[in-house]
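Engineer: give me coordinates for this.
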Amino acid sequence: MKWRVIFATVLSTVLFCGCAGKSESATEVAGAMFSYESMEEGVEEVEEAEEESSVRVVSQRDLTGSGDSGGSSATYIAEGEIVSLYAEKARFSNAAKFEGDWQRVELESDSAGDIRITDQNKEGFSFEGFFVYAMNTGDCKGTAYFVSSDTAIACIDEASETYVAFHKVGGTLYISHIGDISTMDMDVTPDGEYIKS
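Structural biologist: Predicted structure coming up:
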């Protein structure tokens, strides 16, 4: 764990100074992946292909309430719908391919994020990510379950209603969350637009 703190401090300093070049992702450097937890049973099988997502999405402007979308027309899961969508877990044989290493597209120069998605099946996938904001760091891992063919949601802590939502549009992955993720420092978040690295 000590090496993660040292790495995060060095990475944050480099990003904060604005002199970072493209290098290995934080997740690759961290290197430690967790084993895939078995998926819950009792989810419904959905065989028919969906042409469009049945999940309501919002813009970055709607998500942050800032009135500025940062020039992006990105689509995120509406925060008020994440908990109810999670209850609609199902199996999707035609789910979008989420697996791989993803890197956050920087909207701010002092934030970064890398996430690795593995073990995808009809029910969902495993994920692990490492995130930085200024000098603060955090990580998050878990299992996300499909609620549509292009959307999956992970319950990080049901008691505090902490969830992470993944929505894939073409080659872009949009991540948003609700609740407090206890493994993240102040202002660190997995939220953002990701592309495969």
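
Engineer: and Asp139, what is it in contact with?
Structural biologist: When the contact criterion is Cβ atoms under 8 Å, 6 or more residues apart in numbering, the partners of Asp139 are Arg4, Glu128, Gly129, Phe130, Phe131, Thr183, Met184. In short, each C-beta sits where N, CA and C put it, glycine included.

Engineer: model confidence over the strand ranked longest in the chain, on average?
Structural biologist: Ranked by residue count, the top strand of the chain under DSSP state E comes out as strand 136-148. Across strand 136-148, the average pLDDT comes to 95.

Engineer: hmm, back to that, filter the contacts of Asp139 down to the buried ones.
Structural biologist: By neighbour count, with 16 or more other Cβ atoms under 10 Å, the contacts of Asp139 hold Glu128, Gly129, Phe130, Phe131, Met184 as buried.

Engineer: report the lowest-confidence entry in the residues you listed.
Structural biologist: Lowest in pLDDT among the buried ones among the contacts of Asp139 is Met184, which has 90.

Engineer: that residue reaches Val132, doesn't it?
Structural biologist: No - judged on Cβ atoms under 8 Å, Met184 makes no contact with Val132 at a distance of 10.1 Å.

Engineer: now Glu81: phi and psi?
Structural biologist: Backbone torsions for Glu81, taken as degrees, to the nearest 10, come to phi -110, psi 0.

Engineer: and it, how close does it get to Glu88?
Structural biologist: Distance, Glu81 to Glu88, by Cβ to Cβ, to the nearest Å: 10 Å.

Engineer: so what sits against both of the two?
Structural biologist: Common neighbours of Glu81 and Glu88, using Cβ under 8 Å, 6+ apart, do not exist here.
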